[in-house]
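[1] how does the following fold in three dimensions:
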Amino acid sequence: MRRLRRIKILATLGPASSDSATIRKLFESGADVFRINMSHTPHEKMREFVATIRNIESNYGRPIGILVDLQGPKLRIGSFAEGAVQLNNGESFVLDADPAPGDVRRVHLPHPEVLSALRAGHALLLDDGKVRLVVEDAAPERVVTRVVVGGRMSDRKGVSLPDTDLPVSAMTAKDRADLEAALQAGVDWIALSFVQRPEDVTETKKLVRGRAAVMAKIEKPQAIDRLAEIIEVADALMVARGDLGVEMPVERVPGLQKQMTRMAKRAGKPVVVATQMLESMIQSPVPTRAEVSDVSTAVFEGADAVMLSAESAAGKFPVEAVATMNRIGEEVERDPTYRSVINSQRAEPEATAGDAIADAARQIAETLDLSAIVCWTDSGSTALRVARERPRSPVVAITPKIQTGRKISLVWGVHCVIAEDAHDLDDMVSRASRIAFRDGFARAGQRVIIVAGVPLGTPGATNMLRIAYVGAEDTHEI
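    The predicted structure is shown next:
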């Protein structure tokens, strides 16, 4: 199951992909990591998904990552006496603490923390930005707004607040329950929704206690303002373009996507580009040319992964969507301009021994045209450092820990193998060469470079390089 592309594919599971046969087909078509959206998945179904994925993993002998996406705080207006109203441009409209059904003049906003945080001039976006209000007068229990962009408004529509820094946690009571259930099921990644500040991530990491990695979803303007701090504390980043495009001018999103991708890569943190990548494939077996170009942009940027949402969860063609994304990734990475674009984005290595070793491994591999960079890694940090360099040679990560393998299945270019830890340096070199041969990364007579930390099994101690020939003896079974 060696992939012929470096960028990874993250596929969301849902009604269209809930049976084991379809999930297996998604994996065979190219899915490297599966996403379970807790906005729509009860705990029992989540556990069923995890069991199915682990069974497929066992059958294929390849680590598969599982990401659970927490819902986060969902803000919604109350209901209307007649079910819906028409809001017209220029009219006044009130949001208040009164639970009585609303009308064309007012509606209940059942979030006292929002009423308290709103200020004159702040915008409110209703129903994914279809209706736009601007606050004219704000009080703790009553906010008077002016309708800037009108439209039909019905019960329980969502509210977005692009200008308001809410003094609330990114974790709701539902999220805490979902988080604990996901950790007990043994998932590998937790995606945290509606992050506003680095403290949101650190709060979640305290609850996780190292049992999974935490990915910060960037979908609010407040997170953009503190992006460097969020990247520092998060284990990975998701560019959640859907909500970001609601709360910010859509024309800013492509530039922000590039900025976030490059900042995360510079920090050595995986970055996922998500939302509406092949949206038309929810209904159509083929994507639009614009969608193909959109996915290609993320590949050219060197993102670690691209994500399918409704395309694989609820669309008519989930397997075709994954296969299409797989083909796009392979084709872009074969393009003659791809390597020059990737190289032009490379950042200087951090002033650490591990980053210097990873940079040196890439340079040596390119200078000597080595077949693969083989990393022995306990925690995954060695593989992350090497992948940060976006080397031309394939990256093979060998780890004794299945949890590490599942986590780094999300990382650009990393082919992970679960194997017993090396006993000594000779064993490390011998088995690295044999695994590179077995998995098709090197032929007899070719050379690989081996990166590891000595003493063996010491997390984060990347400090050794070794060039090795793949000999005839390495072509035998391990």
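
[2] can I get the CA coordinates of the helix or strand hosting V68 in PDB?
    Under the criterion DSSP states H and E, the helix or strand holding V68 is strand 65-69. Presented in PDB, the C-alpha positions along strand 65-69 are these (Å, rounded to 0.1, in the frame of the first residue of the first chain):
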ATOM      1  CA  GLY A  65      -4.800   7.900  11.400                       C
ATOM      2  CA  ILE A  66      -8.200   8.800  12.900                       C
ATOM      3  CA  LEU A  67      -9.100  12.400  13.600                       C
ATOM      4  CA  VAL A  68     -12.100  13.300  15.700                       C
ATOM      5  CA  ASP A  69     -13.400  16.800  14.900                       C
END
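
[3] list the buried ones in it?
    65-69 (16 or more other C-beta atoms under 10 Å). Bear in mind the C-beta positions are built from the backbone N, C-alpha and C, glycine included.

[4] from the middle of its chain, how far away would that strand be?
    With C-alpha atoms, centre = their mean, to the nearest Å as the basis, strand 65-69 stands 9 Å off its chain's centre.

[5] show me what that strand is packed against.
    Counting contacts by 3 or more C-beta pairs under 8 Å, 6 or more residues apart in numbering; DSSP states H and E, strand 65-69 packs against strand 33-37, helix 43-60, helix 173-185, strand 189-192, helix 402-407.

[6] quick check: mean pLDDT of the last one?
    Throughout helix 402-407, pLDDT has a mean value of 97.

[7] what does it contact?
    With C-beta atoms under 8 Å, 6 or more residues apart in numbering as the test, helix 402-407 has contacts from 57, 63-66, 188-189, 213, 377-380, 397, 399, 416-418.

[8] what's the answer for the fourth one, then?
    Outside strand 189-192, the residues within contact range by C-beta under 8 Å, 6+ apart are 33, 35, 65-70, 72, 170-171, 179, 182-183, 200-201, 204, 208, 212-217, 235-236, 238, 407, 410.

[9] next structured bit after the strand holding V68?
    Per DSSP H and E, the first helix or strand lying C-terminal to strand 65-69 is strand 84-87.

[10] and the strands in the stretch 201-350 of the chain?
    Taking DSSP state E, counting those that start in this stretch as the test, the strands found in the stretch 201-350 of the chain are 213-218, 236-240, 271-274, 305-308.

[11] quick check: which of these is nearest to D424?
    Taking C-beta to C-beta, strand 213-218 is the member of those nearest to D424, at 30.5 Å.

[12] could you break this structure into its assigned domains?
    By the assignment in automatic domain parsing, the chain contains the domains 8-72+170-342, 84-160, 353-475.

[13] the helices in the stretch 351-478 of the chain, which residues?
    Assigned by DSSP state H, counting those that start in this stretch, the stretch 351-478 of the chain shows helices spanning 353-367, 381-388, 402-407, 425-438.

[14] just name the most buried of the ones you listed.
    Using mean count of other C-beta atoms under 10 Å, the stretch among the helices of the stretch 351-478 of the chain with the largest mean neighbour count is helix 381-388, at a mean of 27.

[15] only C-alpha atoms, please: export that helix in PDB.
    Extracted in PDB, the C-alpha atoms of helix 381-388 (Å, rounded to 0.1, in the frame of the first residue of the first chain):
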ATOM      1  CA  SER A 381       9.700  14.000  15.900                       C
ATOM      2  CA  THR A 382      12.500  12.800  13.600                       C
ATOM      3  CA  ALA A 383      10.100  12.100  10.800                       C
ATOM      4  CA  LEU A 384       8.400  15.500  11.300                       C
ATOM      5  CA  ARG A 385      11.800  17.200  11.100                       C
ATOM      6  CA  VAL A 386      12.800  15.400   7.900                       C
ATOM      7  CA  ALA A 387       9.300  16.000   6.300                       C
ATOM      8  CA  ARG A 388       9.600  19.700   7.200                       C
END
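
[16] low-confidence regions, the stretch 301-450 of the chain specifically.
    Per-residue confidence for the stretch 301-450 of the chain (pLDDT under 70) gives no ranges below the cut-off.

[17] got a list of contacts for the strand holding V68?
    In contact with strand 65-69 (C-beta under 8 Å, 6+ apart) are residues 10, 32-39, 46, 49-50, 53, 178-179, 182, 186-191, 193, 215, 217, 406-407, 409-410.

[18] repeat that for stretch 330-341.
    Residues outside stretch 330-341 that contact it (C-beta under 8 Å, 6+ apart): 4-7, 296, 299-300, 392.

[19] if you set the cut-off to 10 Å instead, what comes out?
    With contacts defined as C-beta atoms under 10 Å, 6 or more residues apart in numbering, stretch 330-341 is touched by 3-7, 30, 292, 295-302, 342, 390, 392, 413.

[20] re earlier: the helices of the stretch 351-478 of the chain: which one's closest to R105?
    Counting by C-beta to C-beta, R105 lies closest to helix 402-407 out of the helices of the stretch 351-478 of the chain; the figure is 52.5 Å.

[21] what's the spacing between that closest one and its chain's center?
    On the basis of C-alpha atoms, centre = their mean, helix 402-407 sits 16 Å off its chain's mean C-alpha point.

[22] now do stretch 300-315
    On C-alpha atoms, centre = their mean, the centre of stretch 300-315 falls 9 Å from the chain's centre.

[23] now stretch 265-278
    On the basis of C-alpha atoms, centre = their mean, stretch 265-278 sits 6 Å off its chain's mean C-alpha point.

[24] same thing with stretch 408-423?
    Worked out by C-alpha atoms, centre = their mean, stretch 408-423 lies 19 Å from the chain centre.

[25] what residues of it count as buried?
    408-418, 422.

[26] pull up the per-residue confidence for the residue nearest to V131 when sequence neighbours are not counted.
    Excluding the flanking residues, the one nearest V131 by C-beta to C-beta, 6 or more residues apart in numbering is G151, at 4.6 Å. Here, the pLDDT recorded for G151 equals 96.

[27] next, G151: phi, psi?
    In terms of degrees, to the nearest 10, the main-chain angles of G151 are phi 160, psi 180.

[28] going by contacts, tell me the helices and strands next to the host helix or strand of L95.
    Secondary structure from DSSP H and E places L95 in strand 92-96. Secondary-structure packing of strand 92-96 (3 or more C-beta pairs under 10 Å, 6 or more residues apart in numbering; DSSP states H and E): strand 106-108, helix 112-117, strand 123-126, strand 131-139, strand 142-149.

[29] list the neighbouring strands of the third one plus their orientation.
    By that I understand strand 123-126. Take DSSP bridges as the rule and strand 123-126 pairs in its sheet with strand 131-139 (antiparallel), strand 159-160 (antiparallel).
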